[in-house]
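*Asks:* How does the following fold in three dimensions:
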Amino acid sequence: MGAQGIVVQPGEGLRSSNTPGREFALKLQCADTADSMMVFEETVPPGTKSTLHLHHDSDELAYVLEGEITFLIGDQVTVGGPGTCAFMPRNVRHAWKSTGAKTGRALFLYTPAKAGGLIEEQHQIRRKFAEMSERELSDMLQRHGWELLGESPL
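*Replies:* Predicted coordinates for the structure are as follows:
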């Protein structure tokens, strides 16, 4: 399908939620683009944050659609509102946090798609990371080129 192109309309895409108020809409899955990229939209309530992590095989881009999201990329902290675009290169530690008073919403892109496979797999199994054994989580992260570096300092 990726070679022929694909259009995903507003409201379309696989939806999942594994945390109250936090919703994912998978817009372009890995297979849709022959693994060249993966795109999803995420809705995050105030205070929601990622872990501190990096991707060994993929670059990540985040585009803020609504709210305020603070990004840590390497040692640089930047607060961004709607229209902010953040590039997080592979092998560079990063994290983000929804820091506004209102729910945030952002579009995330991984290229190549390998790191995005983690989001897809989590959608398929519908389990929170906290529900997994340490070994299960480690295997899943390694399959998709992620490395967790601890709690986010944000």
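*Asks:* Residue 68: how many residues sit nearby?
*Replies:* Applying other C-beta atoms under 10 Å, we find 18 residues neighbouring residue 68. Backbone N, C-alpha and C define where each C-beta goes, glycine included.
*Asks:* How about residue 149?
*Replies:* Close neighbours of residue 149, defined as other C-beta under 10 Å, add up to 12.
*Asks:* ditto for residue 5
*Replies:* By other C-beta under 10 Å, 8 other residues sit near residue 5.
*Asks:* what is the rounded mean pLDDT of stretch 27-39?
*Replies:* For stretch 27-39, mean pLDDT rounds to 92.
*Asks:* Which residues outside that stretch are in contact with it?
*Replies:* If you take C-beta atoms under 8 Å, 6 or more residues apart in numbering as the criterion, stretch 27-39 is touched by 1-3, 6, 8, 12-14, 26, 40-41, 107-117, 119-120.
*Asks:* and the residue nearest to residue 143 when sequence neighbours are not counted, which of the three is it?
*Replies:* With sequence-adjacent residues excluded and distances taken as C-beta to C-beta, 6 or more residues apart in numbering, residue 143 is closest to residue 117, at 7.2 Å. Put simply, residue 117 is helix when judged by DSSP: H, G, I helix; E, B strand; the rest coil.
*Asks:* Verify the stated contact: residue 117 with residue 141.
*Replies:* No - counting by C-beta atoms under 8 Å, residue 117 does not reach residue 141; the two are 10.7 Å apart.
*Asks:* Same drill for those two, tell me which one is more crowded.
*Replies:* Neighbour count, other C-beta under 10 Å: between residue 117 and residue 141, residue 117 has more, with 22 against 17.
*Asks:* how about the helices in the protein?
*Replies:* Assigned by DSSP state H, the chain shows helices spanning 116-125, 134-143.
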